[in-house]
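Visitor: sequence below, structure please.
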Amino acid sequence: MSAVPLPKRLESLLENSQNWQAPPPVDTIPIGIPEIDIAAGGLPRGCLTEIFGPLSSGRMSLLLSILAEATARAEVCALVDAEDAFDPCSAAAAGVRLERLLWVRCPHSAEQALKAADLLVQGGGFGLVAMDLGDTSLQSAWRISLASWFRLRRAVEHTPTALVTVARQSNAKTCASLQLECTRQRTDWSGTCGVSRLLRGAETQVTAAKKAKKSGICLPVFTAAAI
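Guide: Residues are numbered from 1 along each chain as shown. Predicted coordinates for the structure are as follows:
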């Protein structure tokens, strides 16, 4: 049997290449803040997203915005609360539709929160599963092994669920497909110092990191509270 000439083989390969299709785009969930949605491209489904930052850095406001967007589209969401820190009234005021949110309260255990999130992801039926470790001590969060984060990432792969974790520092590391780091930049107050003051607003910077590409966004988070 004679060999096929090289030009003919190249021509056949070029013809077949026309039938190749690019991989389908990753489906995402809007974050609800246009600047961050543009920079990060939304939360990828079937992936782990990590939101982290110190106290009063805007990380919970970011999570509430995500939950508000998801529940407004009639998606069923779940929140695993490791330290019983979730405030339903504040969430409702931020636009979260509580009738579409499953609130799982864990007895101050990061390990049990991780197991609960794993069960929810594997059970299916949720558009978004969030795990709040924001008030968990760093020592407790560090006790979660990297192997556990890898198992959680594998559990959510090839599912329509977006998995989000909130913590003080990055715990999932390379297991996260998207990382959003929150840092407080400036706080505005009104009133007289030492007498009575009113919190007018705070400016938070959100740094989105995905596939080693970073972009910083200054996000004003406006709140009001009597001090």
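Visitor: from here on, contacts and neighbour counts on C-alpha atoms
Guide: OK.
Visitor: how far away from the center of its chain is stretch 65-82?
Guide: Computed by Cα atoms, centre = their mean, to the nearest Å, the separation of stretch 65-82 from the middle of its chain amounts to 11 Å.
Visitor: end-to-end on that stretch?
Guide: End-to-end distance of stretch 65-82 (Cα to Cα, to the nearest Å): 20 Å.
Visitor: for that stretch, buried residues please.
Guide: By neighbour count on 16 or more other Cα atoms under 10 Å, the buried set for stretch 65-82 is 65-71, 75-82.
Visitor: now what about it, what contacts it?
Guide: Contact with stretch 65-82 is made by 29-33, 94-97, 100-110, 112-113, 116-117, 120, 125-133, 135-136, as judged by Cα atoms under 8 Å, 6 or more residues apart in numbering.
Visitor: now, of these, which are buried?
Guide: Neighbour-count burial (16+ other Cα under 10 Å) applied to these gives 29-32, 95-97, 100-101, 103-106, 108-110, 113, 116-117, 120, 126-133, 135-136.
Visitor: give the contact list for the closest residue to residue 176 other than its chain neighbours.
Guide: Nearest residue to residue 176, sequence neighbours excluded (Cα to Cα, 6 or more residues apart in numbering): residue 48, at 4.9 Å. Residue 48 sits next to 153, 156, 162-165, 175-178 when contact means Cα under 8 Å, 6+ apart.
Visitor: would you confirm that residue 54 contacts residue 170?
Guide: No: between residue 54 and residue 170 there is no contact, the gap being 10.8 Å when judged by Cα atoms under 8 Å.
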